[in-house]
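Q: can you look at this prediction? I've put the sequence above it.
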Amino acid sequence: HARPQAYSFDAATLSVLTRVNGPSVGGTSVTVHGGGFGIFGFTQGVRIEDLDCEASDWVSDTSVLCRTGRGDEGTRRVVVTAGLRVGSTSQAYTYDRGSLSSVTRANVAMTGSTSVTVHGSGFGVSALTQMARAGNSACEASEWVSASSVRCRVSHGMGGSLRVAVTGGGLVGYLTE
């Protein structure tokens with residue numbers, strides 16, 4: 001007589017991330033290590049809290065690569081889905097708000113069209129949405145230079161010290177000199 005067969009599958013497990021911190025504008029590559037991610041890259045997905053990664057690639061049964069999307073400042077849970085199995089770990093990844101530290105060429109002519117470079121951190125890994133302002137006026141042009149600098153061509157001014165703001169991924173950092 002035939003015996004009924006019963007199968008069970010272990011949930012995906014997460015053990016370590018290669019990078020546990022990144023800018024709030026996203027775009028950071030993170031490798032999630034663990035187990036039970038499957039033997040093919042058919043149905044795995046990676047989320048940081050409730051946000052899907054911009055892209056995720058199955059590497060092996062024990063690792064998945066994620067390119068983070070934009071997220072609000074703070075610590076987040078990471079979730080891996082492999083088929084119908086889900087594994088997660090709490091407080092595994094943090095998003096940092098960008099910060100400004102200095103301005104190169106802080107004294108410019110009131111006629112404008114002068115380039116200044118704003119230095120700081122957390123400006124992201126590519127030129128996605130960074131914009132700069134000097135006082136209440138948008139820069140004539142903003143250019144992402146690196147994760148730590150943005151160049152701004154200032155418009156004409158009224159004299160005096162102005163607050164500088166850099167916006168990236170919906171978050172704003174300020175500097176007054």
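A: That came in fine, so what should we check first? The shown structure was predicted, so the numbers you read here are calculated from the model rather than taken from an experiment.
Q: in its sheet, what does the longest strand along the chain sit against?
A: For the chain, the strand with the greatest residue count under DSSP state E is strand 85-96. Applying DSSP bridges to the sheet, strand 85-96 is found paired with strand 21-23 (parallel), strand 74-82 (antiparallel).
Q: so for the longest one, what gets flagged as buried?
A: In this case it means strand 74-82. Using 16 or more other Cβ atoms under 10 Å as the test for burial, strand 74-82 gives 76, 78, 79, 80, 81, 82. Glycine gets a C-beta too; all of them are placed from N, C-alpha and C.
Q: save those residues as CSV, and put in pLDDT and distance to residue 89 too.
A: Shown next, in CSV, are the buried residues of strand 74-82 (pLDDT from 0 to 100; distance: Cβ to Cβ, whole Å):
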residue, pLDDT, distance to residue 89
76, 89, 10
78, 90, 6
79, 88, 8
80, 87, 9
81, 84, 13
82, 80, 14
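Q: ok, so of these, who is nearest residue 115?
A: Distance ranking of the buried residues of strand 74-82 against residue 115, using Cβ to Cβ, places residue 76 first at 36.6 Å.
Q: quick check: closest non-adjacent residue to that closest one.
A: When the adjacent residues along the chain are set aside, residue 76 lies closest to residue 49, with 4.1 Å between them (Cβ to Cβ, 6 or more residues apart in numbering).
Q: pLDDT below threshold where in the chain?
A: 1-10, 41-43, 105-113, 124-137, 156-163, 165, 167-177 (pLDDT under 70).
Q: related to what we said a few turns ago, distance check, the residue nearest to residue 76 against residue 32.
A: Noted for residue 49: a distance of 14 Å to residue 32, by Cβ to Cβ, to the nearest Å.
Q: neighbour count for these two, which is higher?
A: Remark: of residue 49 and residue 32, residue 32 carries more neighbours, 30 against 16, as counted by other Cβ atoms under 10 Å.
Q: let me see the contact set for that one.
A: For residue 32, the contact set (Cβ atoms under 8 Å, 6 or more residues apart in numbering) comprises 14, 17, 46, 63, 64, 65, 66, 78, 80.
Q: tell me the one of those residues nearest residue 143?
A: Nearest to residue 143 among the contacts of residue 32, counting by Cβ to Cβ, is residue 66 at 27.9 Å.
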